[in-house]
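In: Just to be clear, the model below is a prediction. Sequence and coordinates:
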Amino acid sequence: MRAATKVAVAPAAPTRILGYFTLVGIKIIDAELPADLAKRFKVRNLAAGAPAVLLAQLGVDRGTGNAGLGTFLLRHALHHALRGAVEIGGVALIVDAVNADVAAWYAKRVPDFRSLAADGLRLILPMTTLAAALQ
Ligand SMILES: CC(C)(COP(=O)(O)OP(=O)(O)OC[C@H]1O[C@@H](n2cnc3c(N)ncnc32)[C@H](O)[C@@H]1OP(=O)(O)O)[C@@H](O)C(=O)NCCC(=O)NCCS
C-alpha cells in the first residue's frame, strides 16, 4: 500500500519543507468501532470492517510554530481525505494523535472528532459529517 504525502513550501525557498501531511487508505475493523458506527459503516460485500482514510502524519517546521500552518494543513488534509473517499470509498477519517495535547489540538479544530481508543489518541470522523462541515 502506498501513502500520499503533501508538503508545504514557500515559493521563494521551494527546497525547504515547512510542513507536511500523509494520508493512507486503511481498513477499520468492527471491533475497533462503537456499535452505532459499526452498524452505520457496514459495507455490503465486506465481511467485516470498513474502508477509511488515515491521517497518518501532520507536522510543521518548528520555526513556523503557532503561525497557523498546522491548522491550514489540517484543512487541506480534510479536503484531500474527503476527495479520496469520494473517489475510491471511505466511510471515515481516522487520526492517530501522538499525545493528549495533540488530540486536543485536533478536537479544538474539528469538534466532531470522537475518540476510538481508551487512551483518547485514535480519533474518528464520519465522512458524511466531514462533507457537511466542509460545505
Ligand atoms: C501540532 C502542530 C501540527 C500544530 O501546528 P502549528 O502550526 O503550530 O499550529 P497552529 O498555528 O495552526 O495552531 C496554534 C495553536 O495550537 C497550539 N499548539 C501548537 N502545537 C501544539 C502541540 N504540539 N500540542 C498542542 N497544542 C499545540 C498552540 O498553542 C496554539 O493554540 P491556540 O490556538 O490556543 O493559541 C505542530 O505543533 C507540530 O508539528 N507538532 C509536531 C508534530 C506533531 O505532533 N504532529 C501531530 C501528529 S498526530
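Out: It's in.
In: pLDDT weak spots in the chain?
Out: Scanning the chain for pLDDT under 70 picks out 1.
In: Tell me where it has strands.
Out: Taking DSSP state E as the test, the strands found in the chain are 4-8, 19-28, 50-60, 92-96, 114-115, 122-126.
In: ok, Val98 touching Arg122?
Out: No: with contact defined as Cβ atoms under 8 Å, Val98 does not reach Arg122; the gap is 11.3 Å. The way it works is simple: take the backbone N, C-alpha and C, and place the C-beta from them, glycine included.
In: Between these two, which is the more surrounded one?
Out: Between Val98 and Arg122, counted using other Cβ atoms under 10 Å, the more crowded position is Arg122 (19 against 11).
In: for the more buried one, which residues make a bridge with it?
Out: Asp96 (DSSP bridges).
In: Wait, it touches Val95, no?
Out: Yes: counting by Cβ under 8 Å, Arg122 does reach Val95; the two are 7.4 Å apart.
In: how many neighbours does Ala81 have?
Out: That count, for Ala81 with other Cβ under 10 Å as the rule, works out to 26.
In: repeat for the one 4 residues further on
Out: By the other Cβ under 10 Å criterion, the neighbourhood of Ala85 contains 21 residues.
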